[in-house]
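A.B. asks: The sequence and its predicted three-dimensional model are supplied below.
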Amino acid sequence: MLNPQLLRSDLEATAEKLAHRGYPLDIEKWQQLETSRKAIQIETEALQNKRTTISKSIGQAKAKGEDIQPLLDEVAQIGETLEHSKSQLKDILLQMEQVTLYTPNLADESVPLGKDEADNVEVRVCGIPKVFDFEVKNHVQLGEKQLGLDAESAANLSGSRFTLLTGEVAQMHRALSQFMLDMHTQKHGYKEFYVPYMVNAQTMQGSGQLPKFADDAFITEDDRYLIPTAEVPLTNLVADSIIEEQDLPIKMTAHTPCFRREAGSYGKDTKGMIRQHQFDKVEMVQIVHPENSFQALEEMTSHAEAILQALDLPYKVIVLCTGDMGFSATKTYDLEVWVPGENTYREISSCSNCTDFQARRMQARFRSPDVKKPQLVHTLNGSGLAVGRTLIAVMENHQNTDGSISVPPALQPYMGGKTQIN
RNA sequence: GGUGAGGUGGCUGAGUGGUUGAAGGCGCACGCCUGGAAAGUGUGUAUACGUUAAUAGCGUAUCGAGGGUUCGAAUCCCUCUCUCACCGCCA
């Protein structure tokens, strides 16, 4: 949620910034709502005050044995007006909430203006794609023979957009997530978490997945949601809480499966395991002091990069333009890994600073000794990394002429010392 | 799934219809006391929203959540939810 003050004191500039994000705000309607809200809220509270005051004096009069009938008559008149006023206010607040809950975060000044992914800006390129002296295979081709990547069986079990891994490929998939977790906990200072894979609606709303993106998530019969990312449970751990300033930053990591409907992406990435209904991801989340969030974003991005570097995978870092950023983000870096089989870079991580947007929805605050009032924290999240896509990248980048795959040295300890799978 | 007992402020713990946002205690903050500390003692100590230049006042809301009864609800009624205990089932 945006700071409601912005929509009052700086409506036009805010609307313009929202327009950059592809979100049209109906200024006139909003102003109308705001004007009536103010009038009706003041009226309602005044009436309520009057009623409370009279009710209290009824109590006192009764205690003294006085006649309370005149007071009862007086308060009876308030009743109806108050009911009316209350329901009007409720209605207006509901309408305003519908607007605020659906309004995205504002982009940071440093974010390039743009409409869609074509306007994203490359920040740096790291590593050089290997030159192969044979015809490179993509991961589907690599996996379908002796290596264990079985789309057909998965389709028989579950339908499209699922993958079945077997043997050494399955082992490598497991090894990757272990490796990533160890890196983040041992070298980058994150605490490891094991979290629920199903959460309630309130939790989904806290981090911004609901109400706007309800169609993207799987919902269970008892109204729980399968997490689309560990960001959801991790970030919401600080919901409705007041943290001591000295306890910031809080750095958390978790390895979980992620579940996404992928509604609206029919026909996109249907081959292979790029876009799946279920995929594993190691997620990083930071809860930080507002002054430090942009620095934390740089650090978190470098933590994700460290994994790619350790696995000897070429990648580039791009900053998403205003039109391509996610709902809750104020600035996002995407990491794109080199995928030789497609002769292109593909997204493998997304690191975002959400500033106080999620914190306001969740009421996640901290208390500083110098400031009396609790202040909103800033939240960040980043993939470190998407495990399935990392597996693809390792397979394709470290493939050999004979179709075998070299295990990157950093990963070998996690695979019983194996240097190659075939 | 069944039965029972419960959810009150940072914590603990009173409170079954009337100045109760909420006693007492602990903790915390500031002061007094002290050579210094402890003990003792005094004062203060929730959050959100609105109004406002204001983190000053003032107002509204909040005792798990949502409804209801009432002039008035932490207190009465209904629904949901979570916790605990026992039974059943189960990795």
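C.D. replies: That came through, no problem. Because the structure is a prediction, the values reported are computed rather than measured.
A.B. asks: Now do the helix or strand that contains residue A:255: distance to the chain's middle.
C.D. replies: Assigned by DSSP states H and E, residue A:255 belongs to strand A:250-259. Strand A:250-259 sits 11 Å away from the centroid of its parent chain (Cα atoms, centre = their mean, to the nearest Å).
A.B. asks: and that strand, what other elements does it pack with?
C.D. replies: Using 3 or more Cβ pairs under 8 Å, 6 or more residues apart in numbering; DSSP states H and E, the elements in contact with strand A:250-259 are helix A:167-182, strand A:191-193, helix A:231-235, strand A:278-288. Where C-beta positions appear, they are placed from N, C-alpha and C, glycine not excepted.
A.B. asks: 6 Å - rerun?
C.D. replies: Applying 3 or more Cβ pairs under 6 Å, 6 or more residues apart in numbering; DSSP states H and E, one finds that strand A:250-259 makes contact with strand A:191-193, strand A:278-288.
A.B. asks: partners of the first one in the sheet?
C.D. replies: Spelled out, that is strand A:191-193. The strands beside strand A:191-193 in its sheet (DSSP bridges) come out as strand A:250-259 (parallel).
A.B. asks: could I get the helices and strands packed on strand A:250-259 as a markdown table with mean neighbour count, mean pLDDT and distance to residue A:144?
C.D. replies: Below are the helices and strands packed on strand A:250-259 laid out as a markdown table (neighbours: other Cβ atoms under 10 Å; pLDDT from 0 to 100; distance: least, Cβ to Cβ, whole Å):
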| stretch | mean neighbour count | mean pLDDT | distance to residue A:144 |
| --- | --- | --- | --- |
| strand A:191-193 | 13 | 94 | 35 |
| strand A:278-288 | 25 | 96 | 19 |
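A.B. asks: Tell me how many other residues surround the residue nearest to residue A:331 when sequence neighbours are not counted.
C.D. replies: Computed as Cβ to Cβ, 6 or more residues apart in numbering, the closest residue to residue A:331 that is not its neighbour in sequence is residue A:108, at 4.4 Å. Neighbours of residue A:108 under the rule other Cβ atoms under 10 Å: 18.
A.B. asks: right, so of the helices and strands packed on strand A:250-259, which gets closest to RNA strand B?
C.D. replies: Judged by Cβ to the nearest atom of the strand, the one of the helices and strands packed on strand A:250-259 that comes nearest to RNA strand B is strand A:278-288, at 16.3 Å.
A.B. asks: name the helices or strands packed onto the closest one?
C.D. replies: Against strand A:278-288 (3+ Cβ pairs under 6 Å, 6+ apart) you get helix A:167-182, helix A:231-235, strand A:250-259, helix A:293-310, strand A:378-386.
A.B. asks: Kindly reformat those as CSV containing distance to residue A:28 and mean pLDDT.
C.D. replies: Shown next, in CSV, are the helices and strands packed on strand A:278-288 (distance: least, Cβ to Cβ, whole Å; pLDDT from 0 to 100):
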stretch, distance to residue A:28, mean pLDDT
helix A:167-182, 49, 97
helix A:231-235, 35, 95
strand A:250-259, 40, 96
helix A:293-310, 34, 98
strand A:378-386, 32, 96
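A.B. asks: now, of the ones you listed, which is deepest in the fold?
C.D. replies: strand A:378-386 (a mean of 29; mean count of other Cβ atoms under 10 Å).
A.B. asks: downstream neighbour of that strand in the secondary structure list?
C.D. replies: The helix or strand immediately downstream of strand A:378-386 is helix A:387-397, counting by DSSP H and E.
A.B. asks: Direction included, what does the worst-scoring helix or strand of chain A on mean pLDDT pair against?
C.D. replies: Every helix and strand of chain A was ranked by mean pLDDT, DSSP states H and E. The lowest is strand A:241-244, at a mean of 84. Strand pairing for strand A:241-244, determined by DSSP bridges: strand A:364-367 (parallel).
A.B. asks: near RNA strand B, which residues of the stretch 301-422 of chain A?
C.D. replies: A:363, A:365, A:367, A:371, A:372, A:373, A:374 (Cβ under 7 Å from any atom of the strand).
A.B. asks: Same list (these) but as TSV, adding neighbour count and secondary structure.
C.D. replies: As requested, these are exported to TSV (neighbours: other Cβ atoms under 10 Å; DSSP: H, G, I helix; E, B strand; the rest coil):
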residue	neighbour count	secondary structure
A:363	14	coil
A:365	18	strand
A:367	15	strand
A:371	10	coil
A:372	7	coil
A:373	7	coil
A:374	15	coil
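A.B. asks: Which positions in chain A make contact with RNA strand B?
C.D. replies: Counting by Cβ under 7 Å from any atom of the strand, chain A sits next to RNA strand B at A:4, A:38, A:41-42, A:45-46, A:48-49, A:51-56, A:58-60, A:62-63, A:72, A:75-76, A:79, A:242, A:363, A:365, A:367, A:371-374.
A.B. asks: Buried among the residues you listed? Make that a ChimeraX selection.
C.D. replies: Per 16 or more other Cβ atoms under 10 Å, the buried members of the residues of chain A next to RNA strand B correspond to this ChimeraX selection:
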select /A:51,54,58,75,365
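A.B. asks: taking the residues of chain A next to RNA strand B one by one, which sit in strands?
C.D. replies: A:242, A:365, A:367 (DSSP state E).
A.B. asks: The last one contacts residue A:242, doesn't it?
C.D. replies: Yes - with contact taken as Cβ atoms under 6 Å, residue A:367 and residue A:242 are classed as touching, separated by 5.4 Å.
A.B. asks: With that, I have no additional questions.
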